[in-house]
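Undergrad: Predicted model, plus sequence, below.
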Amino acid sequence: MARSTTPRAVRTRALLCAALVLAASLSAPTALSAVTGPEPFALAPPPPTGPHATGRTTLHLVDAGRGHPWVPAAEDRDVVLDVWYPAEGDGETAPYVPESLALSLQRDLEQYGIARDTVDTAGTPTSSRLDAAAADEDLPVVLFSPGMRMSRAQYTALCEDLASRGYAVVAMDHPYEAPVVDLPDGRLLRTAMPANDTGNRRLAARVRLDDTRFVLDRLDGFAAGDTEDDSGRPLPPGLAQALDTERVGMFGQSFGGVTTAETMLVDDRVDAGANLDGSMAYHVGDEVWSDATLAGADRPFALMGAGVSGSRGLPHHSDHSPDWAMFVEASAGPVLEVYIPDGEHMSFTDQQWIAPQVDAALAPSSAAWRNAVEGGVGSVDPQESVGAQRAHLAAFFDHHLRGGASPLPDPAPGITEVTRH
């Protein structure tokens, strides 16, 4: 059956996709086991593919005196981030999601007929060790910015894999946009976004830009010798010395993609950037363009799109998306475009590997579930999709941050179409 491409249908699918991320993030079984009884099960994130074991640490940074436009009582700006990095030694396994986010996501399970107690949130591991010692020095730094109303944790498959290939990956949350952000003193900063409209997207863009530049400043400080975050928590052994802030990349999914492009317009510390299926505008239909839409990028940039977008349901590619076309035309630097025809917007999140695990174990049959899966990740093979995204990101950053021979992976993934501008 052909999918409806009316504006209403497109908006409905977007809402269903967001709901699926919340629900599915804690509702998938292990990849090789089936649910045969009431015993709870855990997620099985795809293991990283690089040569390095990985560690993860969480840092709390405070930009004193900078509040938030949606929260008048906020006097300071708390920014929480995960750093993924090559590590050595043993230690406690890092959990997939923080406890506060796990509880928030669990509340959404029941809309798909999935009982909350079928999910073992405490037993959902990553492949990384908490606060393990850094294994290497001179690690290029890659920042990550999530989509609007998304958590940094929901991109574990991409961030952890890039770290296993020899990068320090700094995944930010943007508090009051993310579902919930937990602070070391026990405070929980929950989403406070009034509405996802053009005005609030403009405000969010400014806040995100300030967040990113603040984090860049603090990373420079760590590389220069600072060893504690703003809660007095020390960085893992060797990590501060390992950060090479002379080689910095950035990528983001959805609104994190335009955050990346906007950052590169005003901060030349970012050498290369990538946008994973994000609009370059505040509102394409109303032609409310971001600065990045009109100015492009003067340094290497990758546009990674999937499936369809817009009210006409056309491929999300610069051939059909005016904001991407304007960005490409305005860019003085090279633009690499990677397209996954059978994927969709949420293929660039952990939903890509979570949704099929839910299907395999629980076989949800509701129309809401089926529509959300179709609109969220499409029909692309999940393993091939995750593998292709990982390979393209690594090749792109290897080329521009390490002098690798090509920005394209070898061999080329069979599910992607590539255009070099």
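TA: Great, that's in hand. Residues are numbered from 1 along each chain as shown.
Undergrad: Report the contact partners of His283.
TA: Thr198, Arg201 (C-beta atoms under 8 Å, 6 or more residues apart in numbering). No exception for glycine: its C-beta is placed from N, CA and C like everyone else's.
Undergrad: Pretty sure Val380 sits against Asp342.
TA: Yes. With contact defined as C-beta atoms under 8 Å, Val380 counts as touching Asp342 (3.9 Å).
Undergrad: Of these two, which one has the most company?
TA: The neighbour count for Val380 versus Asp342, taken as other C-beta atoms under 10 Å, is higher for Val380 (21 against 15).
Undergrad: Against Arg190, how distant is the more buried one?
TA: Going from Val380 to Arg190 by C-beta to C-beta, to the nearest Å gives 33 Å.
Undergrad: now swap in Met346 and tell me
TA: From Met346 to Arg190 the distance is 22 Å (C-beta to C-beta).
Undergrad: Looking at these two, which is more packed in?
TA: For the pair Met346 and Arg190, the greater number of neighbours falls to Met346 (32 against 12), based on other C-beta under 10 Å.
Undergrad: give me the element the residue nearest to Ala412 when sequence neighbours are not counted is part of.
TA: With C-beta to C-beta, 6 or more residues apart in numbering as the criterion, Ala412 has its nearest non-adjacent residue at 7.3 Å, and that residue is Val418. Using DSSP states H and E, Val418 maps to strand 417-420.
Undergrad: Okay, now the sheet partners of that strand, with direction.
TA: If you go by DSSP bridges, strand 417-420 pairs up with strand 335-340 (antiparallel).
Undergrad: what's next to the strand it pairs with, contact-wise?
TA: Contacts for strand 335-340 (C-beta under 8 Å, 6+ apart): 296-297, 300-307, 315-318, 324, 327-328, 347, 380, 385, 388-389, 392, 396, 407-408, 415-421.
Undergrad: Which parts of this protein are helices?
TA: 7-24, 99-106, 156-164, 198-223, 239-242, 255-266, 291-295, 322-330, 351-362, 367-377, 382-402 (DSSP state H).
Undergrad: The nearest residue to Arg129 once chain neighbours are set aside and Met193, how far apart?
TA: Leaving aside its chain neighbours, Arg129 sits nearest to Gly91 (3.9 Å; criterion: C-beta to C-beta, 6+ apart). In this view, Gly91 and Met193 are 36 Å apart by C-beta to C-beta.
Undergrad: for Asp229, same thing?
TA: Going from Asp229 to Met193 by C-beta to C-beta gives 26 Å.
Undergrad: out of those two, which sits in the busier spot?
TA: Asp229 (20 against 17).
Undergrad: per-residue confidence for that one?
TA: Note on Asp229: pLDDT of 98.
Undergrad: What's opposite the closest residue to it other than its chain neighbours in the beta bridge?
TA: Nearest residue to Asp229, sequence neighbours excluded (C-beta to C-beta, 6+ apart): Leu59, at 4.3 Å. On the basis of DSSP bridges, Leu59 is bridged to Leu81.
Undergrad: show me the contacts for Leu59.
TA: Residues near Leu59 by C-beta under 8 Å, 6+ apart: Val80, Leu81, Asp82, Val83, Asp229, Arg233, Leu235.
Undergrad: Kindly report the same for Gln389.
TA: Leu158, Leu276, Met304, Ile340, Ser347, Phe348.
Undergrad: How about Ala64?
TA: Taking C-beta under 8 Å, 6+ apart, we find Ala64 in contact with Asp76.
Undergrad: For it, give its distance to Val83.
TA: Counting by C-beta to C-beta - Ala64 and Val83 are separated by 22 Å.
Undergrad: Which members of the contacts of strand 335-340 are classed as buried?
TA: 296-297, 300-307, 315-318, 324, 327-328, 347, 380, 385, 388-389, 392, 396, 407-408, 415-416 (16 or more other C-beta atoms under 10 Å).
Undergrad: Poorly predicted segments of this protein, please.
TA: 1-39, 105-110, 112-116, 119-122 (pLDDT under 70).
Undergrad: Cross-check the contact I'm expecting between Tyr282 and Asn200.
TA: No. Tyr282 is not in contact with Asn200 according to C-beta under 8 Å; the separation is 9.6 Å.
Undergrad: Which one of the two is surrounded by more residues?
TA: For the pair Tyr282 and Asn200, the greater number of neighbours falls to Tyr282 (22 against 17), based on other C-beta under 10 Å.
Undergrad: Identify the residues contacting that one.
TA: Shown in contact with Tyr282 (C-beta under 8 Å, 6+ apart): Thr198, Arg201, Arg202, Ala205, Val288, Trp289, Ser290.
Undergrad: Now that we have those, which of them are buried?
TA: Judged by 16+ other C-beta under 10 Å, buried ones among the contacts of Tyr282: Arg201, Ala205, Trp289, Ser290.
Undergrad: what's the closest of those residues to Asp138?
TA: Nearest to Asp138 out of the buried ones among the contacts of Tyr282 is Ala205 (C-beta to C-beta; 32.5 Å).
Undergrad: Now do the closest residue to the closest one other than its chain neighbours against Asp210, distance only.
TA: Nearest residue to Ala205 in three dimensions, chain neighbours excluded: Glu262, at 6.1 Å (C-beta to C-beta, 6+ apart). Using C-beta to C-beta, Glu262 is found at 11 Å from Asp210.
Undergrad: of those two, who's got more company?
TA: Counting neighbours by other C-beta under 10 Å for Glu262 and for Asp210 shows that Glu262 has the greater number, 23 against 14.
Undergrad: so how many other residues sit close to Leu203?
TA: 15.
Undergrad: Am I right that it is in contact with Pro69?
TA: Yes. Contact criterion C-beta under 8 Å: Leu203 and Pro69 qualify, at 5.0 Å.
Undergrad: So for the two, which residues contact both of them?
TA: Counting by C-beta under 8 Å, 6+ apart, Leu203 and Pro69 have no common neighbour.
Undergrad: that older thread, between Val380 and Asp342, which contacts overlap?
TA: Ala306, Ile415.
Undergrad: hey, C-alpha coordinates of stretch 339-354 in PDB?
TA: Listed next in PDB are the C-alpha coordinates belonging to stretch 339-354 (Å, rounded to 0.1, in the frame of the first residue of the first chain):
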ATOM      1  CA  TYR A 339      21.600   8.600   0.800                       C
ATOM      2  CA  ILE A 340      20.000   5.500   2.100                       C
ATOM      3  CA  PRO A 341      16.800   5.100  -0.100                       C
ATOM      4  CA  ASP A 342      15.100   2.400   2.100                       C
ATOM      5  CA  GLY A 343      15.800   4.000   5.400                       C
ATOM      6  CA  GLU A 344      13.900   6.800   7.200                       C
ATOM      7  CA  HIS A 345      14.600   9.700   9.600                       C
ATOM      8  CA  MET A 346      15.000   7.600  12.700                       C
ATOM      9  CA  SER A 347      17.300   5.100  11.000                       C
ATOM     10  CA  PHE A 348      20.100   7.400  12.200                       C
ATOM     11  CA  THR A 349      19.200   6.700  15.900                       C
ATOM     12  CA  ASP A 350      19.300   3.500  17.900                       C
ATOM     13  CA  GLN A 351      15.700   2.900  16.800                       C
ATOM     14  CA  GLN A 352      17.300   1.300  13.700                       C
ATOM     15  CA  TRP A 353      18.500  -1.700  15.700                       C
ATOM     16  CA  ILE A 354      15.900  -1.600  18.500                       C
END
